[in-house]
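Asker: Okay, here's the prediction I keep looking at, along with the sequence it came from:
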Amino acid sequence: EKFTRLFLWRRHPGEAWATYGYDCVTFGDVCAGMALEIAKSKGADLGREIHENTAEQLKKKVYVDDAALAARNKEELEKMKGQQKEDGTYDGYISQILAKSGMAPKYIAIAGEAGAGEEEHIGGAFLGVGYSCRTDQISFTFPPTYKKKGRGGAKVEVSMSAREVASLRLGKGSFTTRKALSYIMGQYDPMGLTSPISMRGKLLLRQSHVAATGWDADLPEDIQKRWGDLVTELAEVGTVFFPRSTVPEGVQEEERPIILGFGDGSTDGFAAIVYTVWLDNEGGSKVLPMMAKARIAPLSGTTVPRMEMSSAALLARLGFLVLRSAGFTAEEVVLALDSECSVAAIRKQDGLLRPFFSHRAAEINDAMKEMRKYCNKVSPVVAVAGQDNPADVATRDLASVVDISPTSPWQCGPKFAQLPRETWPLRERVCEETIPVEELRVHMVSCNLAAILEQTPRLVKEVLLEAPLAGGPARPFPDHATCRGLLAAALEL
């Protein structure tokens, strides 16, 4: 950098011009980000001889200037941090490795052990998400704020007063679609842990857009009242907490979790959530939420089976992302849906499904093949009862803050996840008849059945067509609605 950008400088008019260059890279430079990443990577490579695990994590788990590192045990954790000296520096593995590239950590804290002063240094957030290093919890708040354009086109955050919120609840406020959009999009949750609440807001936003006469026109009274109830409920609850750690305390290095995921769909939208289940030797378990997502359904052209199938594809994407990013090898992956038609479609032969189901079934099967690289076993997609599916709460506009509280099924998982794996009420066998006829290539089924009947003895033909064995006229060839059952019978015979 010193020789790529030079400039002339003199202290006063009588002094001769001299050529100067930079001794360091400033964050205002375009190349600053690249220089930082190169320095971190080079320092990690040079520091592998100090400690392999720390060097590898400094290379892969440092995001710009924020780092989240893990250790195999408490002793290793203490050595990674080291002791803080009088000048504020540290003498642990992290500091020694970063020193290889001329860098030093500003502050190091151990999650769950930081004091009030240490937490103040962390800043109360990590990568934009609220975080308490003292309690080791992620936090989400829902302040009644939105953004509007100020002078010069810059966006200014505006906080709604109690009087404005009260007027909104009465349907007499000045609340527009633009303000509603800003309010919903202002809730930052990259992991989707508050998806039930965001789904409720997005569905209300869509209704607002349909009912409004323009982006800056006041919403109808009934829509304003619903916005007022939502804003008030979220503001009163204050903060919602989620566990940050994905590995419970006391877990041994050789232990492997089960990745348990759920998907669900409705006419309003579809959602998926993934947990890690750590089984113990006493038959119990610890269930921790990892990641979730929810999407609203299109205004037209959708059905419940299609939304269920979309939730299955979303679940497969999340499951693969969690496995690839977790940093540990899972013992088993279990993906569960409460839609038997989706489970049956995923196992259906290629070419028998129409494009919507076929494309998603192929994506799911491909994702499950990739998952095998990161776990010991990938179980077939299974069916689960609707009341045991925690993803259901994120597919409707009825969720409240209670539904994502620390004691809710959304955070704790279904009750059966606390039991031994062999007792889980999951079904692998489902009826293929549940696949909607409109999602099957029915003409292909009919042609296949006709081809089979041409090569079938007369006696079997009569059985299939339900004609009397002793003679008599056969019934007309069955319509498309019954072809699937007849084809199955013919294949069996």
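Answerer: Arrived safely. Numbering: from 1, shown residues only.
Asker: Flag the shaky bits of this structure, pLDDT-wise.
Answerer: Applying pLDDT under 70 to the chain picks out residues 1-4, 25-30, 116-117, 349-350, 442-493.
Asker: top helix in it by residue count?
Answerer: Secondary structure of the chain per DSSP state H: the longest helix is helix 304-326.
Asker: same for it, what does it pack against?
Answerer: Judged by 3 or more Cβ pairs under 8 Å, 6 or more residues apart in numbering; DSSP states H and E, helix 304-326 is in contact with strand 258-265, strand 269-279, strand 285-296, strand 332-337, helix 340-346, helix 355-371. No exception for glycine: its C-beta is placed from N, CA and C like everyone else's.
Asker: how about that helix: buried residues?
Answerer: Of all the residues in helix 304-326, those buried under the rule 16 or more other Cβ atoms under 10 Å are 305-316, 318-320, 322-323, 326.
Asker: next helix or strand past whichever strand or helix holds Ile184?
Answerer: Applying DSSP states H and E as the criterion places Ile184 in helix 177-185. Counting by DSSP H and E, the next helix or strand C-terminal to helix 177-185 is helix 195-211.
Asker: That following helix: how far from the chain's middle?
Answerer: 19 Å (Cα atoms, centre = their mean, to the nearest Å).
Asker: just checking, what packs against the next helix or strand after that helix?
Answerer: Using DSSP H and E, the helix or strand that follows helix 195-211 in sequence is helix 221-237. Helices and strands touching helix 221-237, by 3+ Cβ pairs under 8 Å, 6+ apart, are helix 162-169, helix 195-211.
Asker: and the angle for the shortest one with helix 221-237?
Answerer: Here helix 162-169 points in a direction 140 degrees away from that of helix 221-237 (axes from the mean of the first three to the mean of the last three Cα atoms, to 10 degrees).
Asker: which residues are in contact with helix 162-169?
Answerer: 144, 160, 173-175, 224-225, 227-229, 231-232, 235 (Cβ atoms under 8 Å, 6 or more residues apart in numbering).
Asker: need the residues you listed in CSV with neighbour count and distance to Met368, can you?
Answerer: Putting the contacts of helix 162-169 into CSV (neighbours: other Cβ atoms under 10 Å; distance: Cβ to Cβ, whole Å) gives the following:
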residue, neighbour count, distance to Met368
Pro144, 19, 43
Met160, 21, 46
Gly173, 23, 49
Ser174, 11, 51
Phe175, 24, 45
Gln224, 23, 46
Lys225, 17, 45
Trp227, 23, 41
Gly228, 23, 45
Asp229, 13, 41
Val231, 25, 41
Thr232, 16, 44
Ala235, 16, 42
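Asker: I'd like those residues as CSV, with distance to Ala383 appended.
Answerer: What follows is the contacts of helix 162-169, written out as CSV (distance: Cβ to Cβ, whole Å):
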residue, distance to Ala383
Pro144, 41
Met160, 45
Gly173, 46
Ser174, 49
Phe175, 43
Gln224, 42
Lys225, 39
Trp227, 38
Gly228, 40
Asp229, 36
Val231, 38
Thr232, 39
Ala235, 40
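Asker: Looking at the helices and strands packed on helix 304-326, which is nearest to Gln137?
Answerer: Of all the helices and strands packed on helix 304-326, strand 285-296 sits nearest to Gln137, with 11.9 Å by Cβ to Cβ.
Asker: Neighbouring strands of the closest one in the sheet, and parallel or not?
Answerer: Sheet pairing for strand 285-296, assigned by DSSP bridges, gives strand 269-279 (antiparallel).
Asker: Report the distance from the strand it pairs with to the chain centre.
Answerer: Distance, centroid of strand 269-279 to centroid of chain: 9 Å (Cα atoms, centre = their mean).
Asker: Then stretch 171-185?
Answerer: On Cα atoms, centre = their mean, the centre of stretch 171-185 falls 27 Å from that of its chain.
Asker: quick one on the thing from earlier: render the CA-only coordinates of the longest helix of the chain in PDB, please.
Answerer: Provided in PDB are the C-alpha atoms of helix 304-326 (Å, rounded to 0.1, in the frame of the first residue of the first chain):
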ATOM      1  CA  VAL A 304     -52.100 -26.100   0.600                       C
ATOM      2  CA  PRO A 305     -50.300 -29.200  -0.800                       C
ATOM      3  CA  ARG A 306     -48.000 -26.800  -2.800                       C
ATOM      4  CA  MET A 307     -47.200 -24.800   0.200                       C
ATOM      5  CA  GLU A 308     -46.500 -28.000   2.200                       C
ATOM      6  CA  MET A 309     -44.100 -29.100  -0.600                       C
ATOM      7  CA  SER A 310     -42.400 -25.600  -0.500                       C
ATOM      8  CA  SER A 311     -41.900 -26.000   3.200                       C
ATOM      9  CA  ALA A 312     -40.200 -29.300   2.600                       C
ATOM     10  CA  ALA A 313     -37.800 -27.700   0.100                       C
ATOM     11  CA  LEU A 314     -37.100 -24.900   2.500                       C
ATOM     12  CA  LEU A 315     -36.500 -27.400   5.300                       C
ATOM     13  CA  ALA A 316     -34.000 -29.300   3.200                       C
ATOM     14  CA  ARG A 317     -32.100 -26.100   2.500                       C
ATOM     15  CA  LEU A 318     -32.000 -25.100   6.100                       C
ATOM     16  CA  GLY A 319     -30.900 -28.600   7.200                       C
ATOM     17  CA  PHE A 320     -28.000 -28.600   4.800                       C
ATOM     18  CA  LEU A 321     -27.000 -25.100   5.700                       C
ATOM     19  CA  VAL A 322     -27.000 -25.900   9.500                       C
ATOM     20  CA  LEU A 323     -25.000 -29.100   8.900                       C
ATOM     21  CA  ARG A 324     -22.400 -27.400   6.700                       C
ATOM     22  CA  SER A 325     -21.900 -24.500   9.200                       C
ATOM     23  CA  ALA A 326     -22.300 -26.200  12.600                       C
END
